[in-house]
Each structure stands twice: as C-alpha cells, then as structure tokens.
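[1] I'd like to go over a predicted model; first the sequence, then the structure.
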Amino acid sequence: MKKKMTIEDLAVITQQGFVGLEDRVNKRFDNVEGRLDRIENTLYLRHDNRLDKIEDKLLQIQVILGKKLE
C-alpha cells in the first residue's frame, strides 16, 4: 500500500534539506570576502608603489631643475 504524502511531510522534508545550508553559504561568503580583501590589498599596494615612483621622479626633476636654475 502506498503512503500518501501530506503537505506537512513535504514541509519536513524541505526543512531537512535546508539544515546546514546557512553554514555552508556563510563559509562560501567568508571565502569570497577573503579573496576580495586580498585583491583590494594588492591593488592598494600597486597604487602605493606607483605613487612612490612618481614622487621619486618628481624629486629627480626638482634636483635637475635646481641645478639648471643655479
């Protein structure tokens, strides 16, 4: 004899399917946030390096111009 599935049975099955899902989603988002933080830090580092190079070049230009103006 076949057992009929009730709405309550379906609700229980569905609820059991979602057990632990929140933890898995949170772990994935934590991984994504970690990756984004590393990317952001890399971009900041590159930006800082570019600024340092520009400052060095400006100092060199100031020295060259200072010598020519004397």
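    Noted; the coordinates are in hand.

[2] Centre of the chain to the biggest helix by length in the chain, how far?
    What stands out as the longest helix in the chain, according to DSSP state H, is helix 21-69. In this view, helix 21-69 has its centroid 14 Å away from the chain centroid, taken as C-alpha atoms, centre = their mean, to the nearest Å.

[3] same deal with stretch 8-27?
    27 Å.

[4] please begin residue numbering at 4 from this point
    In the new numbering, first residue 4, that becomes stretch 11-30.

[5] Can I get it as PDB, trimmed to CA atoms?
    Listed next in PDB are the C-alpha coordinates belonging to stretch 11-30 (Å, rounded to 0.1, in the frame of the first residue of the first chain):
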ATOM      1  CA  GLU A  11       3.300  18.500   6.500                       C
ATOM      2  CA  ASP A  12       5.500  15.700   5.200                       C
ATOM      3  CA  LEU A  13       6.700  17.800   2.400                       C
ATOM      4  CA  ALA A  14       7.400  20.700   4.700                       C
ATOM      5  CA  VAL A  15       9.500  18.500   7.000                       C
ATOM      6  CA  ILE A  16      11.500  17.100   4.000                       C
ATOM      7  CA  THR A  17      12.100  20.600   2.700                       C
ATOM      8  CA  GLN A  18      13.200  21.900   6.100                       C
ATOM      9  CA  GLN A  19      15.600  19.000   6.500                       C
ATOM     10  CA  GLY A  20      17.100  19.800   3.100                       C
ATOM     11  CA  PHE A  21      18.000  23.300   4.200                       C
ATOM     12  CA  VAL A  22      19.600  22.200   7.500                       C
ATOM     13  CA  GLY A  23      23.200  23.300   7.400                       C
ATOM     14  CA  LEU A  24      22.700  25.300   4.300                       C
ATOM     15  CA  GLU A  25      23.200  28.600   6.100                       C
ATOM     16  CA  ASP A  26      26.500  27.500   7.400                       C
ATOM     17  CA  ARG A  27      27.700  26.400   4.000                       C
ATOM     18  CA  VAL A  28      26.600  29.700   2.400                       C
ATOM     19  CA  ASN A  29      28.300  31.700   5.200                       C
ATOM     20  CA  LYS A  30      31.600  29.800   4.700                       C
END
